[in-house]
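fold the following and give me the result.
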Amino acid sequence: MQILGPTELSHRILNGDLCTSCGACADLCPYLKSHGVKIANVFACDRETGRCYAACPKTGVDETLLSETLFALPWKDAPLGHYRRLYMAKQGPKTPKGNYQNGGTVSSLVIAALEQGVIDKAVLTGSDGIMPRPRMVTTAGQVLECATSKYIAAPTMARLNRAATEGDRNLGMVGTPCQMTGLASLRTNPLARSDFEDPMGMVIGIFCTWALSAQGLFSYLERQEIDPLAVRSMDIPPPPAENALIALEEEVKELPLDDIRKLVLPGCSVCPDMTALWTDLSVGALEENPEWNTLIVRTERGEALVDRAVETGLLEIQPISQTSVDNLTLAAANKRKRALAARERLGMLDPAFQKPVEVQPKQTIMGFK
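Numbers count the residues shown, from 1 in each chain. Here you go, the predicted model:
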């Protein structure tokens, strides 16, 4: 993969309606910033190469490089990627009570990592109603405030980029596959900087098939005579559910998933990763039992955290059924197949997509630029 610069990132991804607001390109420099749930190009930049371009999961991903860097293994084109173990998991008896999504496995693991000194801080996605808000946490109480899934795309990686730039190390992060792909690409030190340090102590991914446009969802809710600011939470149950659940102060409204899917960001269609392949641990819903999660253990340090969390009563694990593994593998394979077909249809697999953009100078009152 050829690493290009912010010009190509802006023209092909940000202006090409392929951005999923993961934040991987933002806050690495003064030019690209996160604003709310959007990525903004604040100032023009003429660098020919940039970490912003290298971090973006839509510009092209060198899966061989990521596999060798993160797992010290050659890449195998398998739907679930590299992993050491598969479990069904949920919060243990020592985990503080909270408003968990499914089994509460992610919260339990982050609390365990903080309490055991595996990480010093963690970047999570909290929320204000249904609007996601990236935040840094250091305590179990703060972790619980970020529990439950968020369905609107959020630039959580931008918060981690700021922390790393400020010198924070031994960080944890929980994020979606696009966010985790961006983080993994940055961890390869793509521009071979001599001052590079990997800031991560633990990386936990969450399964994802798509994310919603904040503007699209808010407009849709208003058409349904629902005040977006009055929404307390949102849940999309696993198949065969046909409705999204919108929790208000005194009632829960059901909205057709067929309508909700129309609000998915276009860039999600070209994402081939469902289970957050480039992480220490991956967690998602367990379709056969909503009180548990699916837990994929990918690395040795992820395995060590799980073992310690079980020993200290913060996590429960059980063997997962082969049926669940087969269903997950099929779903992950289908997402990858659809994404590759979409990339080909949009010309993203064409060699020209990896070539510099020729930008015509624009005439202004001050001349050409």
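
for stretch 307-327, the distance to its chain's centre please.
Put simply, stretch 307-327 sits 22 Å off its chain's centre (CA atoms, centre = their mean, to the nearest Å).

between the two ends of it, how far is it?
End-to-end distance of stretch 307-327 (CA to CA, to the nearest Å): 26 Å.

ditto for stretch 225-242
Using CA to CA, one end of stretch 225-242 lies 20 Å from the other.

in that stretch, which residues are buried?
Neighbour counts using 16 or more other CB atoms under 10 Å place 226, 228, 231, 233-236 of stretch 225-242 among the buried residues. Backbone N, C-alpha and C define where each C-beta goes, glycine included.

redo those residues as CSV? Include pLDDT and secondary structure.
CSV is the format used below for these (pLDDT from 0 to 100; DSSP: H, G, I helix; E, B strand; the rest coil):
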residue, pLDDT, secondary structure
Ile226, 95, coil
Pro228, 93, helix
Val231, 93, coil
Ser233, 87, strand
Met234, 90, strand
Asp235, 88, strand
Ile236, 86, coil
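
hey, what's the nearest residue to Asn289 once chain neighbours are set aside bridged with?
Nearest residue to Asn289, sequence neighbours excluded (CB to CB, 6 or more residues apart in numbering): Met88, at 7.1 Å. Met88 forms beta bridges with Thr294, Gln318, as assigned by DSSP bridges.

from what I can see Met88 touches Ile317, true?
Yes: with contact defined as CB atoms under 8 Å, Met88 and Ile317 form a contacting pair (7.1 Å).

overlap of the contact sets of these two?
Leu295 (CB atoms under 8 Å, 6 or more residues apart in numbering).

could you pull out the helices for the stretch 201-350 of the chain?
For the stretch 201-350 of the chain, the helices defined by DSSP state H, counting those that start in this stretch cover 214-223, 257-260, 300-311, 322-345.

Asp46 is nearest to which of those helices?
Taking CB to CB, helix 322-345 is the member of those nearest to Asp46, at 27.6 Å.

contacts for the closest one, please.
79-80, 86, 88, 209, 269-275, 284, 286-288, 294, 349.

picking that back up, next up, the contacts around the residue nearest to Asn289.
So Met88 contacts 103, 286, 289, 292-295, 317-321, 324 (CB under 8 Å, 6+ apart).

how about the spatially most central residue of the chain: what's its closest non-neighbour residue?
Among the residues of the chain, the one closest to the centroid is Thr176, at 1.9 Å (CA atoms, centre = their mean). Leaving aside its chain neighbours, Thr176 sits nearest to Cys208 (4.3 Å; criterion: CB to CB, 6+ apart).
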